[in-house]
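Any chance you can model this:
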Amino acid sequence: MDPDQARDCTDVALYGGCPQTCCVLGQCNHFFPLECVIREGTLQGPGTFCTLDQCPRACCHNDASYSEETFSACQAAGGRPQSVHDINGGHIGIDCGILDSNYGGCAQPCCFVPSGGCNTLHPEECVANGGFPQGANDSCGVPGTCEGACCFGGGCEVMHWSECLELGGDPRNPGTDCGFGPLSPCSVISP
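This next block holds a predicted model:
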């Protein structure tokens, strides 16, 4: 028998009522009402149970912005519902606060120089692994991902790192543009 069911949940002063669904930081839990309030959760009402769509979670959009939506609303809008692995090998939702503070935002293309490789990682994970987060592009296969300034003598063109090397250029970090004058990454500044 479930230990929560063994308790006398009719003792409102002690438990606040019977266990019900409580959303805490994008995760669905089954708590007594007072426990939910102590954990700063949102009660979902008597007789509710956790489902995939019960609690809003972080939803990453193609422009790298994010909002809190239910799993199905996020997918219907073309977004990617965010979750992390739990200790049992499953997935639990996370809210926007956790996504921002623990991961630096939505997963996005991460470019690696000099390999020219691209993986989809959260920004903090990308930088920690020596990569360059690319922001709004949806995936590593999107044209323009991992391109940056390529210097030729005094000129500059934006292209993929590996293409720049093949053409005899001097590549700059992915995401850089050519700029103008002293703002160009190809400008030589003399003392």
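
all helices of the chain, in order?
3-6, 12-15, 33-38, 71-76, 96-103, 123-128, 161-166 (DSSP state H).

mean pLDDT lowest for which of those?
Of all the helices of the chain, mean pLDDT reaches its minimum on helix 3-6 (a mean of 47).

surely residue 43 meets residue 18?
No: using C-beta atoms under 8 Å, residue 43 is not in contact with residue 18, being 11.3 Å away. For every residue, glycine as well, the C-beta is placed using N, CA and C.

correct me, but residue 15 touches residue 31?
No: Residue 15 is beyond contact range of residue 31, at 9.5 Å (criterion: C-beta under 8 Å).

List the contacts of residue 126.
By C-beta atoms under 8 Å, 6 or more residues apart in numbering, the contact set of residue 126 is 108, 110, 119, 132, 133.

from the residues you listed, which would you call buried?
The neighbour-count test (16 or more other C-beta atoms under 10 Å) marks 108, 110, 132, 133 as buried among the contacts of residue 126.

hang on, the earlier thing: in strands, which of the contacts of residue 126 fall?
Within the contacts of residue 126, residues falling in strands by DSSP state E are 108, 110, 119, 132, 133.

Relative to residue 130, how far out is the residue nearest to the third one when sequence neighbours are not counted?
This points to residue 119. Distances taken as C-beta to C-beta, 6 or more residues apart in numbering put residue 110 closest to residue 119, at 5.3 Å, once the chain neighbours are dropped. Residue 110 is 9 Å from residue 130, where distance means C-beta to C-beta, to the nearest Å.
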